[in-house]
Structures are given as structure tokens and as C-alpha cells.
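what follows is a predicted structure for the sequence shown.
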Amino acid sequence: MPGGRLTQQERRQIASGLADGLAYAEIARSLDRPTSTITREVMRNGGPTGYRADLAHHATERRAHRRGRSAPREAEAVPQAHGRDAEAVREYEEVFTSVLMASGMPKMMSRVMACLTLSDTGSLTASELVQRLGVSPASVSKAIAFLEEQGLARRERDERRRERYVVDDDVWYESMMASARSTARIVKLARQGVGVLGPETPAANRLENIARFLDFVSESIARAAEQARDVLHAKPATPPTGADGPGAKGA
């Protein structure tokens, strides 16, 4: 299996495969590369609909040049429990981070969120995050503030009075509810605009349609989150089967 960075020709083959609707696993097999490599490459460079081979190649060269100049300190290798493959865990964490970034979450916040989510305890101190990610305490603090605002993490103190950052079983429920509340505020604002712009005017009609659409979506999200909340506390009897690896798509 070839190692090292993807070549420009390989990136063009990735773009061609995406245009043909191929799954990441199929593209990876054609290039004799790990599926996670293809997934990470695509998600770092615009996602499946925005990926452009030449732009991705130039962006990678720029990142490599910046790394060479700044020589950031390495993240600390994390000892793995339960017989896990450390390299596979590292690759999966990168893919997880890339997917969060593609959803709109900033890079550092995505890294912290992935690190917390993939820890067995679901909680880490600022010092532990700094060591694991190889970043500054200020970067961790900023990321945590963002995640708290989004309802994706919370703070608590442990028995040694250290502040820990926690991602618990309800974090995605809280995030969905926060999203629904945020959308409801947009609905309210849109309907205020209808009065300002005058009923039956084109702009007011547009705002009313936006309000109706978002109102339905936010109510649906809140209702679904309430109905599915117990799933977050369920303990699967057996791990899911049939997956094609952490980067599988459509497989």
C-alpha cells in the first residue's frame, strides 16, 4: 500500500470518483489507499460536493509549507485501552474532526469535541486537552467556550477541584434543543419583518415563507429529540456490523 501524501493525479482520480457517485471505500480501493485517507482528504477540502482536485493539492502544499515554518509541537500520544490500535484511533479522530469541520464547526472546536467524544470517560481537563492536542491553553479555553455556547459541552469540578470539560450522554440532545431554540428566534424575527415590510409585498411574502418553513423544522427537531432522547442512554448489545470502516460512505 503506497504511503506518503496524495499526488495531484490521485486527487484528480478522487474528484472523478466523487463525480461518478462512488463511495469513499471504492475510491480508496482504486488508489490502494486507506478509506480514512480518502475521507479525510475530501472532508478537509470542500466535502463531496465541493471537492476540487487542483485546489485541494494547492491547499495541502500551503499547509505543509506553514507547518514547516512554524514547526508546531507534536500532540502527545495517548495510551490506548481495550486493545485498540493506536494508529487506527488517531486516523478515526482525524476523520471525526474533519466531518465536524465540514458541518460548519471551526477547526479547534472540532478537534476538542472529537477528543472529548472519543475519550472513554467523556471528560478531560484543560491540561489533558493541551497535551493530547499539542495546542495552547488559550486555544482550549476558546474552544470550550464555543462548545458550551452550542450546548455541546459543560464544565464540572472533580474530586481534586480541577475543572473538567464533559461530553455526556445528553450532549447531542441538548445541542438539538439549542438549535431548535435558535431557529425559533429566527422565526420570530422573520415574522416581525412581515409587519415592517408590509403584508403581501414580495419581501414580506418571502419572510413569511421562511418563517413557516423554519417553524415546522424547529418544532420537528424538538419533537424528534424528545422522542429519541432515550436512545442516547441505550447500551447496544453488540457492535454494529457491515460497516466498511470509519471513512465508509454509502457502503
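Right, received. Where do you want to start? Everything quoted here is computed from the prediction, not taken from an experiment.

so what's the spatially most central residue of the chain up against?
Centroid-nearest residue in the chain: Leu100, 1.0 Å away (criterion: Cα atoms, centre = their mean). Applying Cβ atoms under 8 Å, 6 or more residues apart in numbering to Leu100 gives the contacts 109-110, 113-114. Heads up, the C-betas are built off the backbone N, CA and C, glycines and all.

switch the cut-off to 6 Å
Applying Cβ atoms under 6 Å, 6 or more residues apart in numbering to Leu100 gives the contacts 110, 113.

name the helix or strand for it, please.
helix 86-102 (DSSP states H and E).

over to Ala225?
When elements are assigned from DSSP H and E, Ala225 belongs to helix 202-228.

repeat for Gln192
helix 171-197.

off-centre distance for that helix?
Helix 171-197 sits 22 Å away from the centroid of its parent chain (Cα atoms, centre = their mean, to the nearest Å).

can you tell me the average pLDDT over that helix?
Mean per-residue pLDDT for helix 171-197: 90.

okay, the angle between that helix and helix 202-228?
Helix 171-197 runs at 160 degrees relative to helix 202-228, counting by axes from the mean of the first three to the mean of the last three Cα atoms, to 10 degrees.

list the contacts for Asn45?
51, 56.

what pLDDT does the model give it?
The per-residue pLDDT of Asn45 was computed as 84.

also Ser220?
On the pLDDT scale, Ser220 gets 92.

mind checking how far it is from Glu93?
Here Ser220 is placed at a distance of 32 Å from Glu93 (Cβ to Cβ, to the nearest Å).

tell me, how many residues neighbour Ala178?
14 (other Cβ atoms under 10 Å).

number the chain from 33, please
OK, 33 is where the count begins now, so the last one is Ala210.

how near is the residue lying closest to it once chain neighbours are set aside to Arg196?
Spatial nearest neighbour of Ala210, chain neighbours left out: Gly183 (3.8 Å); criterion: Cβ to Cβ, 6 or more residues apart in numbering. As for Gly183, its distance to Arg196 is 17 Å (criterion: Cβ to Cβ).
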